[in-house]
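> here you go, sequence then predicted model.
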Amino acid sequence: MSRIRVMVAGANGRMGRQVVQMVLKDKELEYLGGIDPSFPAENESILKNYPLYKNFEEAIIERRPDVVVDFTTPQTVKQNTEIALRMGVSPVIGTTGLTYEEILQLDKLAKEREIGGIVAPNFAIGAVLMMRFAQIAAKYMPNVEIIEMHHDQKLDAPSGTAIKTAELIARERKEILQGHQDEKEIVKGSRGGEYSGFRIHSVRLPGLVAHQQVIFGDQGQTLTIRHDSINRESFMPGVNLAIKRVRTLSGIVYGLEHLLD
Ligand SMILES: NC(=O)C1=CN([C@@H]2O[C@H](COP(=O)(O)OP(=O)(O)OC[C@H]3O[C@@H](n4cnc5c(N)ncnc54)[C@H](O)[C@@H]3O)[C@@H](O)[C@H]2O)C=CC1
Ligand SMILES: O=C(O)C1=N[C@H](C(=O)O)C[C@H](O)C1
């Protein structure tokens, strides 16, 4: 059986470097090279041993991968994905920041081209379970707040995981007036961002990787569902699964959970 030919966009980033190592270790995958406009540090010998392109379109035209994994930035991911789909390449997208409308547009393009793709805001199995458990709890405990905590270099807030969690909660939660109307924010933003009647709070600190708590409250009790990624290896089994399954999909699938059952 021929190996799946993979390129990694954002290869020089925190996630990209981890993905390159994972792909190189898997005998079913062939690493064709990376795409990243930044220069790898002197000690990043792995990246320098393989082709490293600065331009996404040029890389895809020249190498013709089966799958391109994207861990870049919210500013570039949509354009990258459109190029990949137009070139017949299946995208595995970990980059956050795509809106739901943009995912629908990409899905339309993927279906027109008969190509499978996946957008997963979180590739860690524990995070997928956290989101699912929160969705179940929301039906019975509609008073809820989300606190997500990440490293201080993160570009987007709230995190893609928090947004997806909020979308799942909003689907189940009956519409209630949470808290009261007379609240006054003395320090602007201290009550977080509002999503469909409940709050999301984003914490950014050095020392953190990726963490989230979903806290439900009811009379005399709280329920806290918490997930911690303590390193970026936590995302690799999910990314590996997506690379192997993406070409069997129809259109763009949103969330790793769709590959698990
Ligand atoms: N879905 C998931 O499980 C996870 C998603 N993420 C998301 O992945 C994204 C990347 O995160 P990090 O690796 O921490 O960021 P990072 O800043 O360390 O890496 C991003 C890399 O993309 C490169 N880049 C920028 N524009 C590019 C372009 N047009 N083509 C190719 N490369 C380009 C940058 O030079 C940089 O090296 C973020 O959106 C983050 O939220 C992060 C961790 C897990
Ligand atoms: O930027 C990160 O680090 C992460 N981003 C994703 C998100 O925005 O949810 C996934 C994970 O939380 C790590």
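It's in. Numbers count the residues shown, from 1 in each chain. Ligands and ions are numbered 1, 2, ... in the order given.

> tell me the confidence at the residue of the chain most remote from its centre?
For the chain, the largest distance from the centre (C-alpha atoms, centre = their mean) belongs to residue 182, which lies 36.3 Å off. At residue 182, the model reports a pLDDT of 93.

> same question for residue 229.
98.

> residue 41 too?
On pLDDT, residue 41 comes in at 78.

> now do residue 198
Residue 198 carries a pLDDT value of 97.

> which ones are touching it?
Going by C-beta atoms under 8 Å, 6 or more residues apart in numbering, residue 198 touches 143, 144, 145, 146, 166, 169, 173, 178. No exception for glycine: its C-beta is placed from N, CA and C like everyone else's.

> for the fourth one, grab the count of nearby residues.
Pointing back at residue 146 there. Using other C-beta atoms under 10 Å, residue 146 has 26 other residues around it.

> that one: what secondary structure?
strand (DSSP: H, G, I helix; E, B strand; the rest coil).

> kindly report the same for the last one.
Here residue 178 takes the coil state, with states given by three-state DSSP.

> give the contact list for it.
Going by C-beta under 8 Å, 6+ apart, the list of residues near residue 178 reads 142, 143, 144, 197, 198.

> bridging residues for the third one?
Beta-bridge pairing of residue 144 under DSSP bridges involves residue 216.

> please, where are all the helices along the stretch 151-261 of the chain?
For the stretch 151-261 of the chain, applying DSSP state H, counting those that start in this stretch gives helices covering 160-172, 236-245.

> on that earlier part again, quick one: which of the contacts of residue 198 has the most company?
residue 146 (26 neighbours).

> roughly how far does it sit from residue 214?
As judged by C-beta to C-beta, to the nearest Å, residue 146 and residue 214 stand 5 Å apart.

> shared neighbours, the two?
Common neighbours of residue 146 and residue 214 (C-beta under 8 Å, 6+ apart) are 165, 169.

> near ligand 2, which residues of the stretch 151-261 of the chain? Just list them.
Contact residues (C-beta under 6 Å from any ligand atom) of the stretch 151-261 of the chain with ligand 2: 154, 159, 160, 161, 210.

> for residue 44, report the pLDDT, please.
pLDDT, read off for residue 44, is 68.

> revised request: answer the last question for residue 126.
So, for residue 126, pLDDT stands at 98.

> picking up where we left off before, tell me which two of the residues of the stretch 151-261 of the chain next to ligand 2 sit farthest apart.
Largest separation among these by C-beta to C-beta: 154 and 161, giving 11.2 Å.

> quick one: contacts for whichever residue of the stretch 101-250 of the chain sits closest to ligand 1?
Distance from ligand 1 to each residue of the stretch 101-250 of the chain (C-beta to the nearest ligand atom) is smallest for residue 123, at 3.7 Å. For residue 123, the contact set (C-beta under 8 Å, 6+ apart) comprises 94, 235, 236, 237, 238, 239, 242, 256.
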